[in-house]
Structures are given as structure tokens and as C-alpha cells.
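Provide a 3D model corresponding to the input given below.
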Amino acid sequence: MKKYNFNAGPSILPREVIEQTAAACLDFDNSGLSLMEISHRAKNFQPVVDEAEALMKELLDIPEGYKVLFLGGGASLEFCMIPFNFLEKKAAYLNTGVWATKAMKEAKLFGEVVEVASSKDKNFTYIPKDFVIPTDADYFHITSNNTIYGTEIRKDIDSPIPLIADMSSDILSRPVDVSKYAMIYGGAQKNLSMAGVTFVIVKEDALGKVSRQIPTMLDYRTHVKKGSMFNTPPVVPIYSALMNLRYIKAHGGVEAMDKLAQERAKIVYGEIDRNKLFVGTAEEDARSLMNITFVLKPEYQELQDEFMAFATSKGMVGVKGHRDVGGFRASCYNAMSIEGCEALAACMKEFEAQH
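As a prediction, the model looks like this:
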């Protein structure tokens, strides 16, 4: 039975990327050594980092003056590093879910934090509108896609102050005007690579503005100066990222990924809206194309376990909703096929017919 991976992260990767990374783990660059055991200072590994950075810049049309970094620690470490490097007196945050809340919590250790707006009142099922960004804050932080609640900010915000975005789960899924951001960051284990590496796109002249001393490893300038090689980087995930960046370029770039994302979402949301058993949880104008969340209608709630078992029997993997919200979630990242979304829709339709 064919399986379709709808896990929220670590998540689906193109099969060829997995196979290329696996092959390099056996023999990297015909060296007779595994990618897992080579020195990160090896002459044949530096080109991997260089090409990965170059492809990120090419695919996202990153302007001059920005540096692409590949770091450890996940997006959760960035929650701390960002205020360390950018917060002098006050920071502004848009609260759209769990990860935005956690980012705010870390920032409060370094200075005043203003919650510009929040969608917590409706369990983060919408994106706040008509908020005012304080011009006296050091930066404004957003989480562009909310994996747990299934909402997404798909338009680049015009901010009067430096804009910082956590794009862990929608990077490379659509074109982004990077020039509007002081920094974009995220864990790679959704649309970029396997777990273990974090990407950072940072405007170099935005750094060095705070008066505090910053520990060497937590100072972005350290990693800018050393080209992500200050300490041993996560070698295998960076190689996997390179293979995936090559894949995205070969398949039409972020414009093509955006088109596919809209096609996938049309299939799955279309079935949710048509089906008599299910209902989407996010407000329609805030629906994420990456993480599609839905539940059984109140009168069919007793069928939840039965549907999970049925979906599993049909090869659907990872469709159980996050424990904080329940229900179901279909994560449709770049590597998810149209076939997979059609299979999920057919599964839902068949389950409806049985009830």
C-alpha cells in the first residue's frame, strides 16, 4: 500500500533528495568516506555550503547586503538570539499561535515586549488585521505560517520598523520580498531539509545596534564573519538542504512551488467544504496552504477515532491534529504530490459515504 506523508515536521522530502543524501552518507563525493564522518573543513564540503547559500539567494531573489546562515539549535534558539541581537529597549510581536507566544516569552527576558495584536480570543483561527505597529520599537516580529492552527500570512507586511519573520513552515513555498525584512529564519525540517539545521537570512547592516555584550555563539555577526563555519555545522542536514534547493530550482523555483501549493489546497479544502462530515477550523481568508486543519462537525464527533483508523488504513500518515487543538491536519509542503492530496480527498469522500 502506498503511503502519503502529511506529517507537520519533520516532514515529507522529495524521494530523490532522500536517496541522494543516503548515498552521500555511504560515500561522499567519491571520497570513500561517509558524509557523516568527513571534516566540515574538508575542501569538498565548503562548496556544499557555498552552493546552498547561493541557491537560497537565487531562489528567493535575496538582494545584496543579506547573508544566509545555516546554524544549529532550531527556531527555538532563534527566539532567544533575536532579542539578544536586536532588542535594545522594546520589541513588538504579532501573536498568532503557540510559536509566536514562545518567541514573545523569550524576548521578555531582554526588554519590554508589546503584543501588537492577537488572535488568541478565537483560538488563533484568524490573522489579526488593522493593527498599528509601534514606530518606537526596535523590531516587529511575525510568524508567517502557524502549523498548529492552520493560518498563514501570505502577504509581505509593510513595516515602519525592522521586520523579522519566523518562516519555518512556509519558506520556499512562495515568492517573498526579502527586502522588506531585516531577518527571516526558521527550522529547515518542513520545506528546506531534514531536521537539524536552521536557516537565517539576515540584513548585515541591521546587526550591531544593541549596547549589550552578546556571547560569541549567540552573536549573528560571528556566523556572518565565519560563513556558518564558526563551529562544526550540521553537515548532513546542510547537504540535504542543498539537494532540496537543487530540486526546487529544477522544478520551476518558488513560483512553481506556489502554484502547486494552491492546487493542493484547492483539492483538500474543496473536499472539506463539500463533505457533510468535516469543517475547516481556520477562517477562510487566513487558511494556510501548508497546514490544512479540520475537524468533524459536532454531530459526528464520535467518529474521530474511526476516521483516524480508516485514514491510516488508506495510507494517510500524520493526519492527526496537534494535541492542543485535536481534529485533523494535512501538512502539504513542497514535496507533497497532487496525487497525495487527491488520495486524502477520496479517503474523506469514501468515509462520508459509509456514514
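
which stretches of the stretch 1-150 of the chain aren't confidently modelled?
Within the stretch 1-150 of the chain, no range satisfies pLDDT under 70.

that one: strands as residue ranges?
Taking DSSP state E, counting those that start in this stretch as the criterion, the stretch 1-150 of the chain carries its strands at 4-5, 66-71, 90-95, 112-118, 140-143, 145-146.

just these: most buried one?
strand 145-146 (a mean of 28; mean count of other CB atoms under 10 Å). Where C-beta positions appear, they are placed from N, C-alpha and C, glycine not excepted.

which strands and helices lie in contact with it?
Counting contacts by 3 or more CB pairs under 8 Å, 6 or more residues apart in numbering; DSSP states H and E, strand 145-146 packs against helix 98-107, strand 151-152.

columns distance to K120 and mean neighbour count on top of those, output as CSV?
Supplementary listing: the helices and strands packed on strand 145-146 in CSV, determined by distance: least, CB to CB, whole Å; neighbours: other CB atoms under 10 Å:
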stretch, distance to K120, mean neighbour count
helix 98-107, 8, 20
strand 151-152, 12, 26
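
now tabulate the strands of the stretch 1-150 of the chain in JSON lines and tack on distance to F310.
Putting the strands of the stretch 1-150 of the chain into JSON lines (distance: least, CB to CB, whole Å) gives the following:
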{"stretch": "strand 4-5", "distance to F310": "14"}
{"stretch": "strand 66-71", "distance to F310": "41"}
{"stretch": "strand 90-95", "distance to F310": "36"}
{"stretch": "strand 112-118", "distance to F310": "36"}
{"stretch": "strand 140-143", "distance to F310": "33"}
{"stretch": "strand 145-146", "distance to F310": "27"}
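
what about the longest helix along the chain, average pLDDT?
Looking across the chain with DSSP state H, the single longest helix is helix 253-274. Regarding helix 253-274, the rounded mean pLDDT is 98.

before we move on, the earlier item: next, format the helices and strands packed on strand 145-146 as CSV and append distance to P14.
As requested, those are exported to CSV (distance: least, CB to CB, whole Å):
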stretch, distance to P14
helix 98-107, 25
strand 151-152, 22
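
to K203, which of those lies closest?
Counting by CB to CB, K203 lies closest to helix 98-107 out of those; the figure is 18.8 Å.

that closest one: how far from the chain's middle?
The chain centre lies 16 Å from the centre of helix 98-107; the measure is CA atoms, centre = their mean, to the nearest Å.

what's it packed up against?
With contacts defined as 3+ CB pairs under 8 Å, 6+ apart, the secondary structure elements packing on helix 98-107 are helix 74-86, strand 90-95, strand 112-118, strand 140-143, strand 145-146, strand 163-166.

which among those is found nearest to Q262?
Distances from Q262 to each of the helices and strands packed on helix 98-107 were compared using CB to CB; the minimum, 14.4 Å, belongs to strand 145-146.

contacts for that closest one, please.
When contacts are taken as CB atoms under 8 Å, 6 or more residues apart in numbering, the neighbours of strand 145-146 outside the stretch itself are 96-100, 124, 151-153, 167-170, 288, 290-291.

same thing but 7 Å
Contacts made with strand 145-146 from outside it, assessed by CB atoms under 7 Å, 6 or more residues apart in numbering, are listed as T96, G97, F124, E152, S169, D170, S288, M290, N291.

need the contact list for D177.
Applying CB under 7 Å, 6+ apart, one finds that D177 lies in contact with D156.

and it, backbone torsions?
Dihedral pair for D177: phi -90, psi 90, per degrees, to the nearest 10.
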